[in-house]
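Asks: Here is a sequence together with a model predicted from it:
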Amino acid sequence: MTTVLEPPAASPLAGIRSLELEITGRCQLTCTHCLSESSPQASHGTMTPADWRAVITDAAALGIRTVQLIGGESTVHPCWREFTERALSLGLHVEVYSNLFHVAPDWWDVFTREGVTLGTSYRD
């Protein structure tokens, strides 16, 4: 019996438009409703900044248009602005997801850049 494999009609990534990149588990808060069990004691994980840069570069090369930086609290990662700049330089849209507990004044320069959106949530 002969089996012929034909390539799929569309790329397996054709429907993927965005990636959530959990760049850290660390957060300034310890919320009981946190789905990722983030805390001030959590780590940034095992991926290096070079690993995250490669993921962002690969996402752009694969035609993915948006990356969302999440965590924990994405803005506690020391390289979150660098990751944002890298994605923007590759033509990607970036959403920075933040609890907005602390926002340094100079971060607004990043949040208000074309191609960047700021995501948040709250619990009453």
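Replies: Yep, that arrived. Numbering: from 1, shown residues only.
Asks: What residues are bridge-paired with residue 96?
Replies: Taking DSSP bridges as the rule, residue 96 bridges to residue 69, residue 118.
Asks: which residues sit in contact with it?
Replies: 68, 69, 74, 75, 80, 84, 110, 111, 116, 117, 118, 119 (CB atoms under 8 Å, 6 or more residues apart in numbering). Any C-beta I mention is one placed from the backbone N, CA and C, and that applies to glycine too.
Asks: Can you flag the buried ones in those residues?
Replies: Using 16 or more other CB atoms under 10 Å as the burial test, the contacts of residue 96 include 68, 69, 74, 75, 80, 84, 110, 116, 118 as buried.
Asks: how about those in JSON lines, adding pLDDT and distance to residue 33?
Replies: Below are the buried ones among the contacts of residue 96 laid out as JSON lines (pLDDT from 0 to 100; distance: CB to CB, whole Å):
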{"residue": "68", "pLDDT": "98", "distance to residue 33": "19"}
{"residue": "69", "pLDDT": "98", "distance to residue 33": "20"}
{"residue": "74", "pLDDT": "96", "distance to residue 33": "18"}
{"residue": "75", "pLDDT": "97", "distance to residue 33": "19"}
{"residue": "80", "pLDDT": "98", "distance to residue 33": "23"}
{"residue": "84", "pLDDT": "98", "distance to residue 33": "26"}
{"residue": "110", "pLDDT": "97", "distance to residue 33": "27"}
{"residue": "116", "pLDDT": "98", "distance to residue 33": "26"}
{"residue": "118", "pLDDT": "97", "distance to residue 33": "20"}
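Asks: which residues sit in contact with the nearest residue to residue 84 once chain neighbours are set aside?
Replies: Closest residue in space to residue 84, ignoring its immediate chain neighbours: residue 94 at 5.0 Å, by CB to CB, 6 or more residues apart in numbering. Going by CB under 8 Å, 6+ apart, residue 94 touches 66, 67, 68, 69, 83, 84, 87, 88, 115, 116, 117.
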